[in-house]
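1. build me a model from this:
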Amino acid sequence: MDSETRRTVGEEEAVIPELVDRLEYQAAEVARLQAALEEVQSEREKMKTELAIARRWVHALAREVELADLLLKEARPLRSRINAVPSESG
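-> Numbers count the residues shown, from 1 in each chain. Okay, here's the model as predicted:
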């Protein structure tokens, strides 16, 4: 091997620790991102559950409001009939 080849091999060998460091950093970054992803997915599932519960509550409350509205509509004509009855003292 001539001196130029030795220098090239030496330069290539010097890059190896840098590449190993980069790979280790990237592996750690991937692990960190995977943990963050799992946390976000867990939070998403929790929020989906809470949304389903909220939808059921809204549906139940809407039924109660509709029922109350019907009862009020029935009570209004009854109230007007009661007020329309002539008094016996008059």
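2. quick one: list the elements packing against the helix or strand hosting residue 39.
-> Using DSSP states H and E, residue 39 sits in helix 3-84. Where contact means 3 or more C-beta pairs under 8 Å, 6 or more residues apart in numbering; DSSP states H and E, helix 3-84 is not packed against any helix or strand. C-beta here means a position set from N, CA and C on the backbone, and glycine is covered the same way.
3. residues near residue 27, how many?
-> Residue 27: 10 surrounding residues under other C-beta atoms under 10 Å.
4. any idea how far it is from residue 64?
-> Between residue 27 and residue 64 the computed distance is 56 Å (C-beta to C-beta, to the nearest Å).
5. ok, residue 39 next?
-> Distance, residue 39 to residue 64, using C-beta to C-beta: 37 Å.
6. what does residue 42 give?
-> Applying C-beta to C-beta to residue 42 and residue 64 gives a distance of 33 Å.
7. likewise for residue 23?
-> Distance, residue 23 to residue 64, using C-beta to C-beta: 61 Å.
8. ditto for residue 24
-> Residue 24 is 60 Å from residue 64, where distance means C-beta to C-beta.
9. likewise residue 70?
-> Going from residue 70 to residue 64 by C-beta to C-beta gives 11 Å.
10. and residue 28, by the same measure?
-> 54 Å.
11. equivalent analysis for residue 82, please.
-> Applying C-beta to C-beta, the value for residue 82 to residue 64 is 26 Å.
12. for stretch 26-45, what is the average pLDDT?
-> Stretch 26-45 shows a mean pLDDT of 98.
13. export that stretch to PDB, keeping only CA atoms.
-> Extracted as PDB, the C-alpha positions of stretch 26-45 are listed here (Å, rounded to 0.1, in the frame of the first residue of the first chain):
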ATOM      1  CA  GLN A  26     -30.500   8.200  16.300                       C
ATOM      2  CA  ALA A  27     -31.400   4.900  18.100                       C
ATOM      3  CA  ALA A  28     -31.900   6.900  21.300                       C
ATOM      4  CA  GLU A  29     -34.000   9.500  19.400                       C
ATOM      5  CA  VAL A  30     -36.100   6.700  17.900                       C
ATOM      6  CA  ALA A  31     -36.700   5.200  21.300                       C
ATOM      7  CA  ARG A  32     -37.700   8.600  22.700                       C
ATOM      8  CA  LEU A  33     -40.100   9.200  19.800                       C
ATOM      9  CA  GLN A  34     -41.600   5.700  20.300                       C
ATOM     10  CA  ALA A  35     -42.200   6.500  23.900                       C
ATOM     11  CA  ALA A  36     -43.800   9.800  23.100                       C
ATOM     12  CA  LEU A  37     -46.000   8.100  20.400                       C
ATOM     13  CA  GLU A  38     -47.200   5.600  22.900                       C
ATOM     14  CA  GLU A  39     -48.100   8.400  25.300                       C
ATOM     15  CA  VAL A  40     -50.000  10.300  22.700                       C
ATOM     16  CA  GLN A  41     -51.800   7.100  21.600                       C
ATOM     17  CA  SER A  42     -52.800   6.400  25.200                       C
ATOM     18  CA  GLU A  43     -54.000  10.000  25.600                       C
ATOM     19  CA  ARG A  44     -56.000   9.700  22.300                       C
ATOM     20  CA  GLU A  45     -57.700   6.500  23.500                       C
END
